[in-house]
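A.B. asks: take this sequence and fold it.
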Amino acid sequence: MQANITLRGMTWSDPRGYDPLVAAVTAFQKKRPDVSIQWDKRSLQEFESTPVQDLAANYDLLVIDHPHVGTIVKQNCLIPMGDIVEDDVLLDLASQSVGRSFESYHYQGHQWALPLDAAAQVQAYRPDRLDTPVRSWTDVVTLAEDGKVIWPLRPPHVLMAFFTLMGNIGAPCGVQSGNFAETRSAHQVLNAMQALYDAVDPTCSLMDPIAALDALADSPKLALSPLTYLYKGYANIGYRPNRIAFSDIPVLGKSGPLGSALGGTGIAVSANTAHPKLCGAFSQWVAGGHIQSTLYAQSNGQPGHAAAWNDASVNEPVGDAYFKTRMTHEAAWLRPRHDGYMGFQEEGSEIFADILAGKATKASGLSALKLRFDSSFNPFDRDAT
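C.D. replies: Sure, this is the predicted structure:
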């Protein structure tokens, strides 16, 4: 049967975000030969910043980042998954989520996306240069002073590092107005970050995780990236000149690898689609345990379903990256998701970069961050900033 329904999907351009969805189209057509799905892609930077409501006007299926959820709800541009997916399916996916991945797309009583991909800030290192992962932030700084550390600090990742370390010392940033960060703890984290910032190459400020991992894989000297989002491809043999291993984050606090800023992606359905039930059927199928553990993982995907993370055959090609970062992912911290947060993430990252670069004092920078965070909850204050 020739396809007579064509859906359009938008994802992001890394192989992990694009390849498994393209592969899934071919497999899904065996179930629904009347359906074709055309996937477009955008860069990581565009993925982190492009308003979802702009994309929903032109696409049926969207791969999204959970911090956009508050704005999504405000703009009424997605269909709640509960309207097109059965409750028992949603309950099953919730029970099999890696950490808070499923929860991250639940907002104001509705589920707005299904987790496709789980990620948090983890540790990346060269196993040919380090026998074991680094355990403490002090050891990270020592390696950096010897020129062996790369650290992605391009906004918003500089802010994500702050979030992670605040969570790691047991003082996670707040998600409500007036409760951004406890001052003494924030200074402790800033001092720890400053020590590392002063020891790494200044070009780190221009790097996102992909750029940092490329540098780590290619470098004749680098050995470690202490906080970078998991990109399982770098653990595959042959993906880059040298294989990278992933492990739980090095700790600044005393309670283990908790507090990492959650990332990952989810699949959502546009409110403008003419085929909502069909989009829901594809979404639950590609997010389900069987596909995630087989086709999705085998096609460069980084699954978000626990069945895949628990599977030895999924772990083996990536050097057990899922096993070795599981604690970090299960104990990850969920960012704010209110309407207005994305503006804060963009501007707050720039403020934070200025602090580390010495363009603002820690006290004045933290004060500016707190004011900008509080204003993100108030549209009148946001318009004035």
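A.B. asks: now the strands for this structure?
C.D. replies: 5-12, 35-42, 61-64, 106-107, 110-111, 114-117, 121-125, 224-229, 245-247, 265-269 (DSSP state E).
A.B. asks: show me the domain layout of the protein.
C.D. replies: For the chain, whose domains are defined here by automatic domain parsing, the residue ranges read 5-118+263-323, 121-261+340-385.
A.B. asks: number of residues surrounding Ala94?
C.D. replies: 15 (other C-beta atoms under 10 Å). C-betas here are computed from N, CA, C, even on glycine.
A.B. asks: re earlier: need the domains of the chain in a markdown table (columns: distance to Leu334 and mean pLDDT).
C.D. replies: As requested, the domains of the chain are arranged in a markdown table below (distance: least, C-beta to C-beta, whole Å; pLDDT from 0 to 100):
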| stretch | distance to Leu334 | mean pLDDT |
| --- | --- | --- |
| domain 5-118+263-323 | 5 | 94 |
| domain 121-261+340-385 | 8 | 95 |
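A.B. asks: can you redo the ones you listed as TSV with distance to Trp333?
C.D. replies: As requested, the domains of the chain are exported to TSV (distance: least, C-beta to C-beta, whole Å):
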stretch	distance to Trp333
domain 5-118+263-323	8
domain 121-261+340-385	4
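A.B. asks: returning to what we had before: adding mean neighbour count and distance to Leu278, write the strands of the chain out as JSON lines.
C.D. replies: Conversion of those to JSON lines gives the following (neighbours: other C-beta atoms under 10 Å; distance: least, C-beta to C-beta, whole Å):
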{"stretch": "strand 5-12", "mean neighbour count": "20", "distance to Leu278": "7"}
{"stretch": "strand 35-42", "mean neighbour count": "18", "distance to Leu278": "7"}
{"stretch": "strand 61-64", "mean neighbour count": "25", "distance to Leu278": "10"}
{"stretch": "strand 106-107", "mean neighbour count": "19", "distance to Leu278": "23"}
{"stretch": "strand 110-111", "mean neighbour count": "18", "distance to Leu278": "18"}
{"stretch": "strand 114-117", "mean neighbour count": "28", "distance to Leu278": "15"}
{"stretch": "strand 121-125", "mean neighbour count": "29", "distance to Leu278": "36"}
{"stretch": "strand 224-229", "mean neighbour count": "27", "distance to Leu278": "31"}
{"stretch": "strand 245-247", "mean neighbour count": "23", "distance to Leu278": "36"}
{"stretch": "strand 265-269", "mean neighbour count": "28", "distance to Leu278": "9"}
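A.B. asks: now tabulate those in CSV and tack on distance to Gln194.
C.D. replies: Written out in CSV, the entries for those read as follows (distance: least, C-beta to C-beta, whole Å):
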stretch, distance to Gln194
strand 5-12, 32
strand 35-42, 33
strand 61-64, 33
strand 106-107, 35
strand 110-111, 40
strand 114-117, 32
strand 121-125, 18
strand 224-229, 14
strand 245-247, 24
strand 265-269, 32
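A.B. asks: got phi/psi on the spatially most central residue of the chain?
C.D. replies: Per C-alpha atoms, centre = their mean, the C-alpha nearest to the average position across the chain is that of Gly263, at 2.0 Å. Note on Gly263: its backbone torsions stand at phi -120, psi -130 [degrees, to the nearest 10].
A.B. asks: picking up where we left off before, compare the strands of the chain and give me the one nearest Glu316.
C.D. replies: Judged by C-beta to C-beta, the one of these that comes nearest to Glu316 is strand 245-247, at 13.4 Å.
A.B. asks: what lines up beside the closest one in the sheet?
C.D. replies: Taking DSSP bridges as the criterion, strand 245-247 forms sheet pairs with strand 121-125 (antiparallel).
A.B. asks: hmm, Asn280 is touching Val269, no?
C.D. replies: If you look again at residue 280, you'll see it is Gly, not Asn. Yes: contact between Gly280 and Val269 holds when scored by C-beta atoms under 8 Å: they sit 6.2 Å apart.
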